[in-house]
Each structure stands twice: as C-alpha cells, then as structure tokens.
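1. The following comprises the amino acid sequence and a computationally predicted model.
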Amino acid sequence: MKEEIKKFFAGDVEDSDEVLTKYSHDASLFEVRPKLVVFPKNEKDIENLVQWVNDNKAKYPDLSLTARAAGTCMSGGPLNESIIMDFTKYMNKIKKIERVIPFTIQPLFPGAKPVTVVGKAVVEPGCFYRDFEIEADKLNLLLPCYTASKSINAVGGMVGNNSGGELTLRYGKTEDYVASLRTVFSDGHTYTVGPENRRELYSKIAQVDIEGQIHKKVFDLIENNQALIDAARPNVSKNSAGYYLWNVLKKNTNEQENIFDLTKLLVGSQGTLGINTEITFYLVEKPSASKLAVVFLDKLDNLGEIVDTILETNPESVESYDNKTFMLAVRFFMDFIKTKGLFGTIKFGLSFLPELWLVLTGGVPKLILLIEYTGSTEEELDVKCRNVLNKLTPFKLRGRVTKSIQEAEKYWTIRRDSFALLRKHVKGRRTAPFIDDIIVRPEHLPEFLPKLNTLLNQYPTITYTIAGHAGNGNFHIIPLMDFNDPKTKPVILELSEKVYELVLSYHGSIDAEHNDGLIRTPFLKKMYGKEVYALFEVVKNTFDPKGIFNPHKKVFEDKNYLETHIIDPKQPITQHSS
C-alpha cells in the first residue's frame, strides 16, 4: 500500500513503528494504531489520495482516510486503523489575513446578539492557532472561537470539532466564523462550500455530479423532515453532537438572501463527510483592554438567578471552577508559582493572600465565578466590574475586582492549569475524558450540579474536579482513573450512561464543544432518538457512500469498539485544556 501511494503522492508516506505509535493517540483515552501516516504537501495530494482510496476500496475493504491536525482532540476523532493524514507538517500556511469593510453576522445560538466582522483570513487546516493569533494580532484582529488549548491546537481541528472556549458566551462557536471551505468530497474533487441564495441552490441541485447529488439529497432530507429536525435541536447554547441539520436551511427569506449553507453541516463533522483543504474565517476586532470580577459562592441554591443577573451586564465571558479545584490550588500552591522566577514568585504568591484569608474567615466556596469584561479604558472596565458586584448584592456573595492583569492571571491559572497539576500529583492514575463536555441551560444548574456530584460520588475510586463555562452551563469533568484496574472500563460505560441520562433529562447535550469521536458516538442514538439518528446515517451515506472518511465517528458505531480501544495504561496521553 505504501509503495502504491508514493507513486502519486508528493508528500511524505510513513509506516515506521515510531510514527504509527505516535499517531495511535490523541488527547483521548483511546489507542487505535493506523497502518500508514501521510503528510500531504498540497490539495492535489489529497485529491489523488481520495481517488486512490475510492478505486482500491474493494481491494482493501478496511481502507479509509482520517484527517488530523494537532492531535489535541479529547474524543478520539483523529484516530483510525487505516490511513492518517496529518496537515501540520506542510499544509499549515496562512494565505491571507486582511481587514474588510465592517458587516454583521448573527451567531447561531439562541439569544445571540449580532457580531461585527472587521476581517477575514484564509488558512490551511494544519495552521496552529498560536501562529495564526500572532499574525492576526498585527492587524488587531481576533478569531474569537479559540479554545483553552489554543497554544497547542490547530485550526483544522477547531473546524472539525466545532470548537468553543472562553469567548463563546459572547461570540459563538467556530460554526459562526467559517465563511467558506474548500473541501475534497468522496469523488476526489475539490469544491468550494459556502452560503447560497435560492438561485445558487437550485443551480447546484441541477448539477449532474456528487456536488449536485449532495445538495439535492440534503435539501430534500431537511424539507421532508423539518419538524423532526427542529424538535431535535438541543435546548442549549452550545452543541457539537451529531450533524447540525437544523442550521443548514433558512426559511422565509427573499430571493437574494442566503438560504442554504453546507458549511453548517461540514463544521463539526469531524472529517466524516469530506476533507477540508482551506478555511476562510471571519474575524472580529480584538478588545483593547479587559478586567475580571471574581465571585465566591458558598451555596448553589441561587446559581441560575446569579448567572442570569451576570448575563444582563453583557460580560465577555463567565468561567467557573469548583471547591475541589480551589483547594487543589491551595494544596499545591508552590507548583503554581515556582515557574514565575524570583520576583514573579513573590508577586504571584502575595496575590494569593486574599484567597487564603477568604478560606480562614469564610470557609471554602463551593463555586468560583470569573466574570470578564472588555472595553477601551481601565475606568470603563472598573465601572462594569463594580456594577456587576452591586447587582449581585441581594445574593450576599463574596466578591472582588482584580486590580491588574497580573492579579487576574492567578484565577485564570487555577482555571486552566489545575487539572494538569492534579494529574501530576495523583500517582497511578491517568486522565479519562469521557463525561468531559456536558451542558444544560444555566437555570437548571442549582438542581443539576448537586445531582451530578451525587452520581460521581458513587464511585469513590474516581478523583475529579469540575470547571467550565458557567455562563452557558457547560462543564468539563475529566476524572483520573486507574487503567490497571479491570473495573475501570465498565465504570466508564456505566457512568457515561448515568451522567448522560441526567443531562438529557434537562434537555441538554452530552457534547457542547469537544465533539463525538469514539467516546460519544455510541450514545448519539440515546440523545437524539432512532428517527433523527437515521437522518444522520442518510447524511453520512450521501456524502460518503463507500465509507472512506473517518469511520467509527458520528454514525454506525456501538460501545464494543469504544471499549476494545481504550488505551494501554503504559502509553502517554497528549496534553489538553478545556
């Protein structure tokens, strides 16, 4: 197989034990060993490889292709037993970043306010976000759907997973910032995919090729099942589960307005419908200044009302972490500060004194909320922070306004780095991201979180913390578990069932931003029901009739594959933050 591919492939083709071992893992709890890893140099490489896979599927029945960017996925999305295609080595270029005449877009989540776009960028999937951010910053531009792992992830994975992060509360997810895609479909040809008006849609439907077939079948599928599809949409502001059929077709538009957009289906599809070779992003103005208000909750009874009150003040983000995370920072205080240098250590250490005093005088808070505002001046931001604390006065909460970026840094450090610290200090266990991305509406949190803790506490061998995006009810729980214990695998399946049952009872989503991959695909039928899941199968077969793109994700999978590919405890896991 390797020699056959090398005849037409300009990039690298590797099958050494070292390479195959590396690409057997991402940041998930799975190990799936590929037969080959390729590094395409250009779009033509991808077209040729897709055509070759198509032509040789009968000869090699298990032949398939999985696109991979930085490998920070927590769901097993870029793992495959056949061919892995890594974009980060060669197809990592920023082709264009420019400012444009401002216009507004409407993020897809309920209650979203219009966002002003002031820039566009054209990039290849293997571009690391950190490199993109440096170039965008030169024009004071921002791609606001970045994740907490932005220092190590790549933009192709953001598109594949429909990622979100700290700013999603205000700006929305990746799906809102993809203007267009260049995508290789299963016929081995590249197509430009983007929003279309009625005339353009009907013209595409009339085409006698795979692009025409896809347009016709997807349009008919949605038209004939509109009520079922609309009812299936999770009642939350973030969702990366399944195929987002409810976002593709707009109703009640005039002849000139865009009504049909296949990017809404391709974004978040984890490379199961085609291979993206180029992404055009919308960009926003980078805020010139930010400030943080911090609120400490001693009980969760009024959490829904508290979050609603905070949201009325239009914050940029509302993040959170629980009492276990807080005490972790206190317990391993020196680990947080030892990388700061002498002066930095003293300054960073002194900044923790208010928290130590807080614990001594009022006890450990059950939940800490980080409320961030952006603006033009320090004075403006100080007013915003004081205003939210005043509005929260009836709830009798402890709160404070940070005085500097450096002071705010300690809270962000706890939020982002505490789990890595926990993993370092708890010996004999490793990360197990399987209930790592649940979401319910914020008003349900006072009921939901205690029930969630009760469930988790039924398993005393599991060490866990809870942190996440409180502003939209999205929490990340990544337990530490002993994979040498034969009881661990059954617990993963059992606890997943229980937690997802709880989430769905509040009409939430089992997957807000990390996507389905190997870990959640077997639970999609439970979330959406048989009828909607059957529509997902139609979508997959329409785009990929031979099943050559990223198998075992989104559809056609059961729990057996999940269980049999859980990682060997001796292997390392890629780092990730949520």
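-> Thanks, I have the structure now. Numbering: from 1, shown residues only.
2. Next, the distance between the ends of stretch 269-277.
-> The separation between the terminal residues of stretch 269-277, taken as C-alpha to C-alpha, to the nearest Å, is 15 Å.
3. Stretch 519-532 now?
-> Using C-alpha to C-alpha, the two ends of stretch 519-532 sit 19 Å apart.
4. show me what contacts the closest residue to Lys286 other than its chain neighbours?
-> Nearest residue to Lys286, sequence neighbours excluded (C-beta to C-beta, 6 or more residues apart in numbering): Leu142, at 4.1 Å. For every residue, glycine as well, the C-beta is placed using N, CA and C. The contact partners of Leu142, by C-beta atoms under 8 Å, 6 or more residues apart in numbering, come to Ala136, Leu283, Val284, Glu285, Lys286, Pro287.
5. Next, find the distance separating Leu142 from Thr174.
-> Leu142 sits 13 Å away from Thr174, going by C-beta to C-beta, to the nearest Å.
6. do Cys145 as well
-> 4 Å.
7. any residues in contact with both of those two?
-> Met158, Ser163, Gly164.
8. Leaving out chain neighbours, which residue sits closest to Tyr129?
-> Closest to Tyr129 by C-beta to C-beta, 6+ apart is Lys150, at 4.6 Å.
9. Surely Lys285 touches Leu139?
-> Actually, residue 285 is Glu rather than Lys. No. Taking C-beta atoms under 8 Å as the definition, Glu285 is not a contact partner of Leu139, at 9.8 Å.
10. so where's the stretch 251-400 of the chain uncertain?
-> Filtered on pLDDT under 70, the stretch 251-400 of the chain yields the residue ranges 252-255, 332-362.
11. hey, where'd the strands end up in the stretch 451-578 of the chain?
-> Secondary structure of the stretch 451-578 of the chain (DSSP state E, counting those that start in this stretch): strands located at 466-469, 474-477, 480-481.
12. list the helices and strands the first one packs on?
-> Just to be clear, that refers to strand 466-469. Contacts defined by 3 or more C-beta pairs under 8 Å, 6 or more residues apart in numbering; DSSP states H and E place strand 466-469 against strand 317-322, helix 323-331, helix 405-425, helix 445-456, strand 474-477.
13. closest one to Ala206 among these?
-> strand 474-477 (41.8 Å; C-beta to C-beta).
14. Now do the strands in the stretch 1-150 of the chain.
-> Going by DSSP E, counting those that start in this stretch, the stretch 1-150 of the chain shows strands at 12-14, 36-39, 65-68, 83-86, 94-105, 115-123, 141-142.
15. Quick check: next helix or strand after the shortest one?
-> Which is strand 141-142. helix 155-161 (DSSP states H and E).
16. And that next one, what does it pack against?
-> By 3+ C-beta pairs under 8 Å, 6+ apart, helix 155-161 packs against helix 129-137, strand 275-285.
17. what's the neighbour count on Phe397?
-> Just so we're on the same page, residue 397 is Leu rather than Phe. When neighbours are defined as other C-beta atoms under 10 Å, Leu397 has 17 of them.
18. right, and it touches Val295 too?
-> Yes. If you go by C-beta under 8 Å, Leu397 and Val295 touch, sitting 5.3 Å apart.
19. tell me, what's touching those two both at once?
-> Joint contacts of Leu397 and Val295 (C-beta under 8 Å, 6+ apart) are Ile306.
20. Quick one: low-confidence residue ranges for the stretch 451-578 of the chain.
-> For the stretch 451-578 of the chain, the stretches flagged by pLDDT under 70 are 569-578.
21. the helices in it, which residues?
-> 488-505, 517-520, 524-528, 530-543, 559-564 (DSSP state H, counting those that start in this stretch).
22. about what we covered before: so can I have TSV of the contacts of Leu142 showing neighbour count and distance to Tyr561?
-> Compiled in TSV, the contacts of Leu142 are given as follows (neighbours: other C-beta atoms under 10 Å; distance: C-beta to C-beta, whole Å):
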residue	neighbour count	distance to Tyr561
Ala136	21	39
Leu283	24	39
Val284	21	40
Glu285	18	45
Lys286	17	43
Pro287	17	44
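23. For Thr374, which non-adjacent residue is closest in space?
-> Pro287 is the one closest to Thr374 (C-beta to C-beta, 6+ apart), at 3.5 Å.
24. for the one you found, helix, strand, or coil?
-> The three-state label given to Pro287 by DSSP: H, G, I helix; E, B strand; the rest coil is coil.
25. all helices for the stretch 251-400 of the chain, in order.
-> Going by DSSP H, counting those that start in this stretch, the stretch 251-400 of the chain shows helices at 263-266, 303-311, 323-331, 333-337, 341-350, 353-362, 378-391.
26. would you list the contacts of Leu142 in a markdown table and tack on distance to Asp209?
-> Output for the contacts of Leu142, formatted as a markdown table (distance: C-beta to C-beta, whole Å):
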| residue | distance to Asp209 |
| --- | --- |
| Ala136 | 36 |
| Leu283 | 33 |
| Val284 | 36 |
| Glu285 | 40 |
| Lys286 | 41 |
| Pro287 | 45 |
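27. I'd like to know which of those residues is nearest to Pro110.
-> Of these, the one sitting nearest to Pro110 (C-beta to C-beta) turns out to be Val284, at 20.3 Å.
28. any idea how far Leu266 is from the closest one?
-> Taking C-beta to C-beta, one finds Val284 at 22 Å from Leu266.
29. In contact with Tyr146, which residues?
-> Counting by C-beta under 8 Å, 6+ apart, Tyr146 has contacts Tyr129, Glu133, Met158, Ser163, Gly165, Glu166, Leu167.
30. ranking the residues you listed by neighbours, who comes first?
-> Among these, Met158 has more neighbours than the rest - 32 neighbours, counting by other C-beta under 10 Å.
31. what's around the closest residue to that one other than its chain neighbours, how many residues?
-> The shortest distance from Met158 to any non-neighbouring residue, by C-beta to C-beta, 6+ apart, is to Thr174 (5.0 Å). By other C-beta under 10 Å, the residues close to Thr174 number 28.
32. Settle this for me: Thr174 is touching Ser163, isn't it.
-> Yes. Contact criterion C-beta under 8 Å: Thr174 and Ser163 qualify, at 5.1 Å.
33. Mutual contacts of those two, please.
-> Both Thr174 and Ser163 are contacted by Cys145, under the criterion C-beta under 8 Å, 6+ apart.
34. rewinding a little: for the contacts of Leu142, which one is nearest Tyr506?
-> Val284 (31.5 Å).
35. contacting residues around that closest one?
-> Val115, Thr116, Val117, Val118, Gly119, Leu141, Leu142, Leu143, Pro144, Tyr171.
36. one more time with 10 Å
-> Counting by C-beta atoms under 10 Å, 6 or more residues apart in numbering, Val284 touches 102, 105, 115-119, 136, 141-144, 167, 170-171, 177.
37. what separates stretch 432-445 from the chain centre, distance-wise?
-> Per C-alpha atoms, centre = their mean, to the nearest Å, the displacement of stretch 432-445 from the mean C-alpha position of its chain is 13 Å.
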